[in-house]
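Q: quick one, fold the following:
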Amino acid sequence: METTNGTSSTSKLDDERSIRHEKRAALKQQNMDPTTKESSRLDSSLKRHTALIKRMRQSMASDNREQIMKDIDALSLEKYLDEIVGASLDGISRCKTERDVWSAVEILSALHRRFSATFTPKLVSSLAAALAVPSRASLANLSAEQRDKEDSSRVIRQRPILRISSELALVGVIRDDPTRSGGEWIMKTIKEMLSNDPTLSSLPLLATFLKSYAYPFLGIIPASVSKQISSESEPGSLSASQTEVTPSPVTDEALVEKDVRDRFKRMCEGYFENVCKKLVIEHTRLQEQDRRNHEAYIRSGEIFEDRQQAYEKMTKGYEKLLANCQQLSELLCLPLPNLPNDTRKADTLQIGVSNSNGLGADDLDELYTTGGKWEDDEERKFFEEVQDLRDFVPKSVLGLDDADHPDDSSEKATDRVEQEKEQMRKLDEELQRLRGETGIQKNTQSVDEEDDAPTPTPGTPRAASPLASPQLAPQGPSQLLTALLTRLPDATNRTLIDQAAIDFAFLNSKAARKRLVKFLGQVPKNRTDLLPHYSRLVAILNPYMPDVGTELVSLLDEEFRYLQRKKNVVKELAEVRMKNITYLSNLTKFRVVPTHLILHIFKVCLDDFYGTNVENLALLLEGCGRFLLRSDDTRERFGTMLELMRRKQSMQHFDQRQLLLLENAYYQCNPPERSPRQEKQRSNMELFIRHLIYDVLAKKTIDKVFKLLRKLDWDDSSTRTVLFKIFTKPWKLKFGNISLMAMLTYDLQRYQPAFSVSVVDQVLEDVRRGLEQNVYRTNQRRLATIKYLGELYIYRLLSSGIIFDTLWSMVTFGHPDGRPLPHQVCSIDMPDDFFRVRLVCVLLDTCGMCFDRGSQKKKLDNFLVFFQYYVHCKDPLPMDIDFMLSDSLEAVRPKFKMTKTVEEAAFAVDEILTSVFHDVDLDGDESGEESGEDDEEEEVEGRRGEEKEEDEEEDFGEIDELVEERAPSPEQAIVLSASNSLQENLGPSEEAEAEFAKELAKMVTDTSAESRKVDKKTAMALWDSSVQPPSLRKKRVEEGDEDEELDAKMMHFTVVTKRGNKQQTRKLAVPAESALAVHTRSAQLQDKVEQQQLKRLVLDYEQREEAEEMKALEARNRAGAVKIRYVG
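A: Predicted coordinates for the structure are as follows:
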């Protein structure tokens, strides 16, 4: 039955297409000859005209067609054409199905034939107005939500109008010219609709049009929906047939002119290209937005609601556009564009510590790492691309004088460099002293003795106070500065903070700078997100107002020293410490903090390496450790400090939290070196084959790919190995191209049959291995493999028995005795593991529609009954699995109803198996048991009228399928492994069974083979001549008994002769020692022994059957409510 699936479905589509064409051509012929009726003989009553208009306004569907057509023929209608046109538009909008659309076309054609000069122009203009797109000016005043609602309602309203307008253009109601069809009118209408739609909301209308009218208007045959290929199709011809997407239309029967079809097709293809460009742009924008969201999440730990809503809206629009593009791609037989992946590679730089720092070779290897100063380009731009105020502010405002400042600035720069060198020299001496120590001792001396010295207290975090009179605009510099400081907490991006720096430059004064430093030093401790932006503000102002940076750094340094004296106060000052270290780290990356100062802070924490200083060091490493380690002026010294920290960390004891902080901070600033990924070396032939399969393969190019594959050197073992690997790894292809891969395998079967067989074997092996291992990371591969298996069946590379074997194995494999039970723990199929359900659904979605008739339909029905029992044995299904299961069952069996409980499912399974066993018993009583060879002969003789050998295998019966697919039952296992004593009690041994089967087969062969060669008359004559009459037999027995008593040395024979129609008997005495007598007596004794042996075997067989039935009944009673019987 499988052989006719593809042919029947394809022929059915062709028949439907030809029927539609004939109906349209016939109606067009009628519309070309309009008829006029005398209005004087027609009814012109107002009541009937009003009723007709009302009926047309309500609906022009098929249920009202007959009455409307009668009224059109009986009424005059001349005075009511305007009302009829308006009613027609209302009635058209209610036509949903194809039958309703055709009914409306017939009604409008009838009106056209009567009033072609008055009714048709009004109707065409009304249809054009109904299909028009609203102007952009009318949509500009609407909000986004209102615009979406308006577009969706317009699409729903215009869809039936577009379908009926297309039909009217085909049947000759709408015409471009008296001798031409209305194809040009439809093309212009759709072009205007699409060109005035920047939001692409009219894409569903184009998809609806192409789905129904791509063949008559564009000459494109829609994609075939055949379920399975025909058995008559030749391997190697499918790929060529796929490229023929356009038919060769007959010019005299075409409803639309060829030039219109060609231009219409080019227009649709051009529009599809533009939509694809839009798709690529939206895809890139979505990836960019996703990257920004990820960076924002890394910076702040959350994604704000407005950003999340914008991203969700963008995602929804992109998915809608992608779905429309995929639909247009299938309808126009054009490939989708390749969407670029967001693969960004960070620039890497190899840095390390020079040998002059005194570290060993092993220590140097630790500090060699890959990566630059900055984690990404966005961070680099933020810290390095700082604007120069001279580009935005006049020099006079900045206090610059070209005549005086060069010398002063050079002297200040020289003094600053000398001071830094002096500080660095002192720091190097301290580092040398630390390296020279033999051991590192824990510093237990407290610095609290310095509490008597005057120390500044950190500023109290408080928000900036607003203006006293917000309704008055700022007037003086003080008020302008206050307004500027009020805006600073909201300056959370580069643009705002750069503008704030420019605004402050115009308010520059000594008092303003002091207020700014005070404000920047009193950042609220919970607003650490402001610190990078405030640091950028200071970095912009520092070249022209150095006291701002110097005073702020001095303020933070004093605060750090105070916190060091109060390091025993842990919880109360934890947030202040974090703010202080983070502030210093950000200023360091802007090079506002002197190098010696940040290294000194690091050394102070390293000297007292316990308690809160562990957290301070971790914050410093995370904040500016990467920058210091990769800067040329600090690389050596900071590398030395890192090595000292690692040594102390290995010698001191820290708790788990502190160790985790230090490890994370260290590897964040100095990640371990990762060797570059080795690219696999491939031969040119392998690269070419991979390019063909992974890049070139598509519906339009499959013929080209197939021809190139045939030209390869198949005798070369390396080429054949590469092809085998690619054809057995469907998960590396696009999911939509798996069917094309199966088609190539089928086509190659004609030229390389062994290759196709090996591919099928490997796919089955991969499916089996997936069931045995059940590794989560291979789930995607298993889905692609099971999809590939279904596609191979559709292209007739394997039989339905293998598909059913796979289905049954997926619901029984791994369970004890092949029996899934509710909430039964199985190591490879846990109750909360639903992946096998997903696999079954994918296989059913791929090839389940092929099992819709004959014995295969019954097999699939039985499997679905057991499958629902398997599903009930699992935990409650997740929502996505539940929806997938419902969709799959609805596709293959729309009327199948799932049971609610596991008891109902088990009862349904028991009923199915009981009916199967009953059918088997009936078949067994009718046919009896035969030997294997004779069974094959009988099977061949009885199936000579079958079409294919595959159908013969599948019609053996339902129980044969179950017996092959199910695991052996426990009862049979017990019987087979029983002891010899138990075998004696239950029935004969295996030798006895073999002997009985041999004798029975011999008897059946003798009686069936020899007797068939004799006709009826000959058989009756032989029977009459060989069988004696009852009287003679009785007389013979009595005389024989007497003779045996009288003479034991003689053997008496009765010779039967026939004279005419009368039989005569004559006794003949033969000596007992003669050869005839001895042979006859030995034959009689042998027959008697054989009869006794057969009698004993039959009795023992019945005894064994009774014992097995009793044992099966006991096992069923032990099973309880779930009564499921298995056949081995």
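Q: which SSE is residue 101 in?
A: Following DSSP states H and E, the helix or strand that holds residue 101 is helix 98-114.
Q: kindly report the same for residue 1053.
A: Residue 1053 belongs to strand 1050-1059 when assigned by DSSP H and E.
Q: returning to what we had before: mean confidence (pLDDT) on the helix or strand following the helix holding residue 101, please.
A: For helix 98-114, the following helix or strand on the C-terminal side (DSSP H and E) is helix 119-130. Averaging pLDDT along helix 119-130 yields 86.
Q: which residues sit against helix 119-130?
A: 81-82, 84-86, 88-89, 108, 111-112, 157-158, 161, 164-165, 168, 173-174, 185, 189 (Cβ atoms under 8 Å, 6 or more residues apart in numbering). (Each C-beta comes from the backbone N, C-alpha and C, glycine too.)
Q: just the helices in the stretch 101-250 of the chain please.
A: 119-130, 136-140, 144-170, 183-195, 203-218, 238-242 (DSSP state H, counting those that start in this stretch).
Q: and the contacts of helix 119-130, which of them are buried?
A: Buried members of the contacts of helix 119-130, counted by 16 or more other Cβ atoms under 10 Å: 81, 84-85, 88-89, 108, 111-112, 158, 161, 164-165, 168, 173-174, 185, 189.
Q: gap between residue 121 and residue 193?
A: Relative to residue 193, residue 121 is positioned 21 Å away (Cβ to Cβ, to the nearest Å).
Q: looking at the two, which is more packed in?
A: residue 193 (18 against 12; other Cβ atoms under 10 Å).
Q: let's see the pLDDT reported for the more buried one.
A: So residue 193 comes in at 82 (pLDDT).
Q: what about the stretch 451-600 of the chain, any weak spots by pLDDT?
A: Where the stretch 451-600 of the chain drops to pLDDT under 70, the residues are 451-475.
Q: please, where are all the strands along it?
A: Counting by DSSP state E, counting those that start in this stretch, one finds no strands in the stretch 451-600 of the chain.
Q: now swap in the stretch 751-900 of the chain and tell me
A: Under the criterion DSSP E, counting those that start in this stretch, strands are not mapped anywhere in the stretch 751-900 of the chain.
Q: tell me what angle the helix or strand just after the strand holding residue 1053 forms with strand 1050-1059.
A: Remark: after strand 1050-1059, the chain's next helix or strand is strand 1062-1071, criterion DSSP H and E. Following axes from the mean of the first three to the mean of the last three Cα atoms, to 10 degrees, one obtains 160 degrees for the angle between strand 1062-1071 and strand 1050-1059.
Q: average pLDDT for the helix or strand following strand 1062-1071?
A: Counting by DSSP H and E, the next helix or strand C-terminal to strand 1062-1071 is helix 1075-1119. Across helix 1075-1119, pLDDT averages out at 80.
Q: ok, and the helix or strand in this structure with the lowest average confidence?
A: Lowest mean confidence among the helices and strands of the chain (mean pLDDT, DSSP states H and E): helix 970-976, at a mean of 35.
Q: still on that earlier bit, need the helices of the stretch 101-250 of the chain in TSV (columns: distance to residue 857).
A: Below are the helices of the stretch 101-250 of the chain laid out as TSV (distance: least, Cβ to Cβ, whole Å):
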stretch	distance to residue 857
helix 119-130	47
helix 136-140	53
helix 144-170	35
helix 183-195	43
helix 203-218	30
helix 238-242	26
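Q: out of those helices, flag the one nearest residue 270.
A: helix 183-195 (10.1 Å; Cβ to Cβ).
Q: helices or strands up against that closest one?
A: Helix 183-195 sits against helix 144-170, helix 203-218, helix 258-300, with contacts defined as 3 or more Cβ pairs under 8 Å, 6 or more residues apart in numbering; DSSP states H and E.
Q: kindly export stretch 508-525 (C-alpha atoms) in PDB.
A: Output in PDB follows, covering the C-alpha atoms of stretch 508-525 (Å, rounded to 0.1, in the frame of the first residue of the first chain):
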ATOM      1  CA  ASN A 508      35.100  77.500  36.400                       C
ATOM      2  CA  SER A 509      36.400  79.200  39.600                       C
ATOM      3  CA  LYS A 510      38.300  78.200  42.700                       C
ATOM      4  CA  ALA A 511      35.100  78.100  44.800                       C
ATOM      5  CA  ALA A 512      33.300  76.100  42.100                       C
ATOM      6  CA  ARG A 513      36.100  73.600  42.000                       C
ATOM      7  CA  LYS A 514      36.000  73.200  45.800                       C
ATOM      8  CA  ARG A 515      32.300  72.600  45.700                       C
ATOM      9  CA  LEU A 516      32.700  70.100  42.900                       C
ATOM     10  CA  VAL A 517      35.400  68.200  44.800                       C
ATOM     11  CA  LYS A 518      33.300  68.100  47.900                       C
ATOM     12  CA  PHE A 519      30.300  66.900  46.000                       C
ATOM     13  CA  LEU A 520      32.300  64.200  44.200                       C
ATOM     14  CA  GLY A 521      33.800  63.000  47.500                       C
ATOM     15  CA  GLN A 522      30.300  62.500  49.000                       C
ATOM     16  CA  VAL A 523      28.900  60.000  46.600                       C
ATOM     17  CA  PRO A 524      26.200  57.900  48.300                       C
ATOM     18  CA  LYS A 525      27.600  54.500  49.300                       C
END
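Q: pull out the buried positions in that stretch.
A: Buried residues in stretch 508-525, counted by 16+ other Cβ under 10 Å: 508, 512-513, 515-517, 519-523, 525.
Q: please apply the same query to stretch 620-640.
A: 620-631, 634-640.
Q: ends of it, what's the gap?
A: 15 Å (Cα to Cα, to the nearest Å).
Q: run the chain-centre distance for it.
A: Distance of stretch 620-640 from the chain centroid (Cα atoms, centre = their mean, to the nearest Å) equals 47 Å.
Q: compute the distance between residue 574 and residue 372, please.
A: Where residue 372 is concerned, residue 574 sits at a distance of 32 Å (Cβ to Cβ).
Q: so for the two, which residue has more residues nearby?
A: Just comparing residue 574 and residue 372: by other Cβ under 10 Å the higher neighbour count belongs to residue 372, 17 against 13.
Q: quick check: that one is in a helix.
A: No. Using DSSP: H, G, I helix; E, B strand; the rest coil, the assignment for residue 372 is coil, not a helix.
Q: I'd say it and residue 630 touch.
A: Yes. With contacts defined as Cβ atoms under 8 Å, residue 372 counts as touching residue 630 at a distance of 6.4 Å.
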